[in-house]
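**Student:** Any chance you can model this:
(chains A, B and C)
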Amino acid sequence: MREVPLSLNSQEFLSSVLKEGLRPDARGGYDYRDIKISFGPQWGHAEVLLGRTRVLARVSTTVAQPAPSRPNEGSLFFNVHLSPLSSSKFSGARSDFSTVVTRLLERTIKETRVIDTECLCIVAGEKVLNLRVDITLLDFAGNVIDASCIAAMTALSHFRRPDFIVNGEEITLFSDKDRDPIPLSILHVPITCTIGFSGEKILVDPNDEEESVMDGYVSIATNTHHEICYIYLGGGVTLTPALVSKCCEISSLKTQEISAQITKSLDEDSALRRKAGTDRPSAISSLTLQEKLDRLYVEDRTNKRENLQAEDGIESATFGSITIRYIDEMDTMDEDGVVALSESAAEPAQTIPDTSQEEESFPGF
Amino acid sequence: MLGTLENSIRVRPISSELSILGNCDGSARVKQGNSSVMVGIWGPVEVKQSKEDPEKCVIETTVKGATGQGSPLDKMYEEAVRQTCEQVVITSAHPRTCIQVIVQVESEDGAILAVMKNALCLALMDAGLPMRSMFAGVSCAQQENEELMWDPTAEEEEESTAQYTFVYENSRNNVIYVHCTGESTVEQYMLALQKSRQVATEVFGFYRESFEKLLRKDVKFQMLLPPIIKGEILEEPE
Amino acid sequence: MDIVRAPYKRTRVIASQGEDLEQHIVTPGDVITQNLDFMKSHGTALSHDHICATVAGAVYKVDKLVSVKGVNNRYRGEIGDVVVGRITEVQQKKWKVDAGSRLDSQLQLTSVYLPGNISRRKTLNDELMMREYFTEGDLVVAEVADVGNVDGMLKLHMRSNKYGKLPEGVLIKVPSVLIKRSKLHFHRLPCNATVILGNNGFVWVGPHFSPDQPIEPFTLNSRETIARLCNVIKALAAYGVQLFDTIILTAYDISMKYKVKELLNAEVMEHVAQESYEHSLHQNL
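**Tutor:** Predicted coordinates:
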């Protein structure tokens, strides 16, 4: 696969413009791009869109023997896969950069004890629950580190582990249908903030163009208690202590905003699940198509209609399987009312609409 | 549209997102119920001389599951995807090049091979690669009471005695790929094969709708379409 | 970037929900016509005595030529196309040019007229001096001489003095399907700027220039004109409007009531694109 690099002219231009403190996408030096968080049907399935960078995080568990040095703790394992989908730069194999991201997540999340791993112990010394977090980069547009960290933390906060009972020698692990799964015990929420440098200027959340011309970067993980969890210097620059201090403050500020956004989206997801009755994802399967559509679609319409009138913009509702987004043509809402916004790179979500309202006819084949 | 299936055939709601990734030449994500697969296509791109074919383009496929390191099942999916691409894509149009197909399973809840094929078809169309026809995957399972059910969830698949995935193409409604596991009679198999065709027809209608929506309702492309003159296309030239 | 704005009614420019539109959007395998007198172009193939579509897109019919164009396709050249490209490599007797197609295009040393409009056999000296003519990063405008049968690699040539290196200006990349095919590609607009619409979707906007005379230094006015033209072209491209000289001029005039910076706003872009398109429809009818 051929990567088309930025032309020499573009590189020079970008370099000089960044050194003056201007960013081509009109952001300020301290601005993040838009962050969108969405969840999949299973617990622990989160997708984060940071600008155009898209990261998928999946959390899963297995039962295994604990490490001999920690007999009553479960373990947390990170796997970062930079998919060739995301860019022609990545071949999908383990590379230096994927190792950097994996280590960074380990240091930020595992070694600062974000998860109370003792809760994962089933029988001390014999059986524990091991957590595995799979991070997949789906689309690359700069700042993989922050997107991955947000995705990992969101997925871990969203995840529910199976409930179990130990009766002497017998261990019973309940499935989601039999007993509600239990959320993990999250002790603190660290979020990384990647800051690029070009000359003297600071670029928070560099996009892919900026990354290719900036001098270097630093990623600082702070949590909501203003504690620094991890600092990673990306090389290329030397920083004065004052500058490091300033970056830590910036990171702290951004962490507050981002973790508030994570909490909000988690709450919205729980609300949606309760409304659709999908606390247990498997509940959907026994309905017929018509029943499913009626139940979810009608509810969606009645709820969201009022919201739409209240605020302008695009509403999005995700019920397990259907994502319905509303167009902004309210007075000429379609029979199916189901078309989404447009953007130069991302294209609309298509949904198969409620069949009874489908009036278009097209020639058969 | 889905209402035209006979009553015994129930499938989960299907949704698609086209051109969802910014860097790939073509991409699509298809969700059927709780199963979700994303496919990205790079191509036609340059290929190493050792691998190139002077008469057609080479197709490379990669399939990655949602969780875990990878399993032999991934290899089987890769082969299934590659086979279908070879059949449908007009590979002679781009000799000495390579088409890279990357499949990323995001969430698994049954019928995953069928969802993969559907996402693959949409992604190939999105990439603008020349194809002989469209294709659609249909997943069918035979329950213990010998009744057939379509688009099963993971749980339903586990409880079934046989699972089929059929892929149909739409120029002559022929089958181009079949995958079966489990045990069933020949009669049951033929019944499943015949009835699943209906679902495929629905899926083709869905593809068409997806593209029409992309071209029509996205205001970006409204002005791109040539102006309409009634009945022009099939008229005889002077 | 999401386009979030207040709901408002959009006027549909094209008659939409009619039956005929469906006939014009095809998917792979669809029969376009059974009449074999039509000539097949891109996106079509002969299958069992029908002309079928091989890609998903809209059907374009020009006299007897039928083609299907999707929206995502990369540029594939045709002999006689005029393209704008950037030199990426200087090789032994040729330059490699990035013209937005699948492979880098080639520009042979022998296909180039040297400065002074001399066409002579190139000597060893010329080979060594290749970088003096074009070096990496230069923008050039050339014509497609040949399209490789097997791999589609374009061979470019510059057989007249209107082709050659482009002076300072701006390059905008738009989808190649938006460039309307016409005889003229170099447009000297009355607002003191030149626009070159390359068939490959690369559009160059800059000051008037001729091969022999030196370029005048830029004034603030000329910079503004060029910036405005760029934004206007971006607006038209963002809304899928086909680009040609009159529509660009129309859009430029319509855009005068906005400041140059405002033209980057999504709503303004849409308004300019919409009005220009309607204007051009009226002019044609």
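**Student:** separation between A:Ser88 and A:Leu82?
**Tutor:** Here the distance between A:Ser88 and A:Leu82 works out to 12 Å (Cβ to Cβ, to the nearest Å). Yep, even glycine has a C-beta here, placed from its N, CA and C like the rest.
**Student:** Neighbour count: these two, which is higher?
**Tutor:** A:Leu82 (25 against 16; other Cβ atoms under 10 Å in any protein chain shown).
**Student:** Show the pLDDT at B:Leu231.
**Tutor:** Wrong residue type there; residue B:231 is Gly, not Leu. Looking at B:Gly231, its pLDDT is 37.
**Student:** ok, the nearest residue to A:Thr61 once chain neighbours are set aside - contacts?
**Tutor:** The shortest distance from A:Thr61 to any residue other than its chain neighbours is 4.9 Å, reached at A:Leu129 (Cβ to Cβ, 6 or more residues apart in numbering or on different chains). Contact partners of A:Leu129, counting by Cβ atoms under 8 Å, 6 or more residues apart in numbering or on different chains, are A:61-63, A:74, A:120-122, A:161-162.
**Student:** again, but for A:Ser212
**Tutor:** A:5-6, A:11, A:14.
**Student:** Can you flag which of the residues you listed belong to helices?
**Tutor:** Among the contacts of A:Ser212, the ones falling in helices (DSSP state H) are A:11, A:14.
**Student:** Return the members of the contacts of A:Ser212 classed as buried.
**Tutor:** A:Leu14 (16 or more other Cβ atoms under 10 Å in any protein chain shown).
**Student:** pLDDT added to the contacts of A:Ser212, as a markdown table?
**Tutor:** What follows is the contacts of A:Ser212, written out as a markdown table (pLDDT from 0 to 100):
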| residue | pLDDT |
| --- | --- |
| A:Pro5 | 72 |
| A:Leu6 | 77 |
| A:Gln11 | 88 |
| A:Leu14 | 90 |
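**Student:** Take the contacts of A:Ser212 and lay them out in TSV including distance to A:Trp43.
**Tutor:** Conversion of these to TSV gives the following (distance: Cβ to Cβ, whole Å):
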residue	distance to A:Trp43
A:Pro5	41
A:Leu6	41
A:Gln11	44
A:Leu14	42
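**Student:** Please parse chain C into its domains.
**Tutor:** Partitioning chain C according to automatic domain parsing yields domains covering residues C:19-69, C:82-284.
**Student:** how close does the closest residue to chain C within chain A get to chain B?
**Tutor:** Chain C sits closest to A:Leu8 of chain A, with a gap of 3.8 Å, by Cβ to the nearest Cβ. The gap separating A:Leu8 from chain B is 21 Å, by Cβ to the nearest Cβ, to the nearest Å.
**Student:** mind checking pLDDT for that residue?
**Tutor:** Residue-level pLDDT assigned to A:Leu8 equals 81.
**Student:** and the stretch 151-285 of chain C, which residues reach chain A?
**Tutor:** Taking Cβ under 8 Å from any Cβ of the partner chain as the contact definition, the stretch 151-285 of chain C meets chain A at C:238, C:264.
**Student:** how close does A:Leu272 get to C:Ala251?
**Tutor:** Where C:Ala251 is concerned, A:Leu272 sits at a distance of 44 Å (Cβ to Cβ).
**Student:** Would you mind telling me which of those two has more residues around it?
**Tutor:** Just comparing A:Leu272 and C:Ala251: by other Cβ under 10 Å the higher neighbour count belongs to C:Ala251, 26 against 19.
**Student:** What helix or strand is the more buried one located in?
**Tutor:** Using DSSP states H and E, the element containing C:Ala251 is helix C:245-255.
**Student:** And for C:Val83?
**Tutor:** When elements are assigned from DSSP H and E, C:Val83 belongs to strand C:82-90.
**Student:** Could you list the residues in contact with that strand?
**Tutor:** The list of residues contacting strand C:82-90 from outside it, by Cβ under 8 Å, 6+ apart, reads A:7, C:77, C:95-100, C:104-105, C:107, C:130-131, C:134-144, C:154, C:156, C:166, C:171, C:185, C:196, C:198-200, C:202-204.
**Student:** Restricting to C-alpha, output it in PDB.
**Tutor:** Extracted as PDB, the C-alpha positions of strand C:82-90 are listed here (Å, rounded to 0.1, in the frame of the first residue of the first chain):
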ATOM      1  CA  VAL C  82      -5.100  17.800 -19.200                       C
ATOM      2  CA  VAL C  83      -3.800  17.100 -15.700                       C
ATOM      3  CA  VAL C  84      -2.200  19.100 -12.900                       C
ATOM      4  CA  GLY C  85       0.300  17.100 -10.900                       C
ATOM      5  CA  ARG C  86       3.100  17.400  -8.400                       C
ATOM      6  CA  ILE C  87       6.600  16.000  -9.100                       C
ATOM      7  CA  THR C  88       7.400  13.400  -6.600                       C
ATOM      8  CA  GLU C  89      10.700  11.900  -7.900                       C
ATOM      9  CA  VAL C  90      13.400  12.700 -10.400                       C
END
